[in-house]
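Visitor: no sequence on this one, just coordinates:
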């Protein structure tokens, strides 16, 4: 009986601690995503992108 009570208490504590741990994981993922976007933007800004020249064909 004591074993079931202890096991239930452990599962209850894991259940209660899962919420804050999950929110920390989401926060960490959002920081990584923002850093990745900043890296991509900086790489694009460093590139020498020139406007493409093209001629429009008249529609007949």
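Guide: That came in fine, so what should we check first? All values derive from a computational prediction rather than experimental measurement.
Visitor: do you know how far residue 49 is from residue 43?
Guide: Remark: distance between residue 49 and residue 43 (Cβ to Cβ, to the nearest Å) = 11 Å. Just so you know, the C-beta spots here come from the backbone N, C-alpha and C atoms, and that holds for glycine as well.
Visitor: same question, residue 15
Guide: 43 Å.
Visitor: repeat that for residue 3.
Guide: Residue 3 is 57 Å from residue 43, by Cβ to Cβ.
Visitor: okay, now residue 44: neighbour count?
Guide: Under the neighbour criterion other Cβ atoms under 10 Å, residue 44 is assigned a count of 9.
Visitor: show me what the helix or strand it falls within is packed up against.
Guide: In this structure, residue 44 sits in helix 2-46 according to DSSP states H and E. Helix 2-46 is packed against no helix or strand, with contacts defined by 3 or more Cβ pairs under 8 Å, 6 or more residues apart in numbering; DSSP states H and E.
Visitor: pLDDT of it, averaged?
Guide: Throughout helix 2-46, pLDDT has a mean value of 91.
Visitor: I am finished for the moment; much appreciated.
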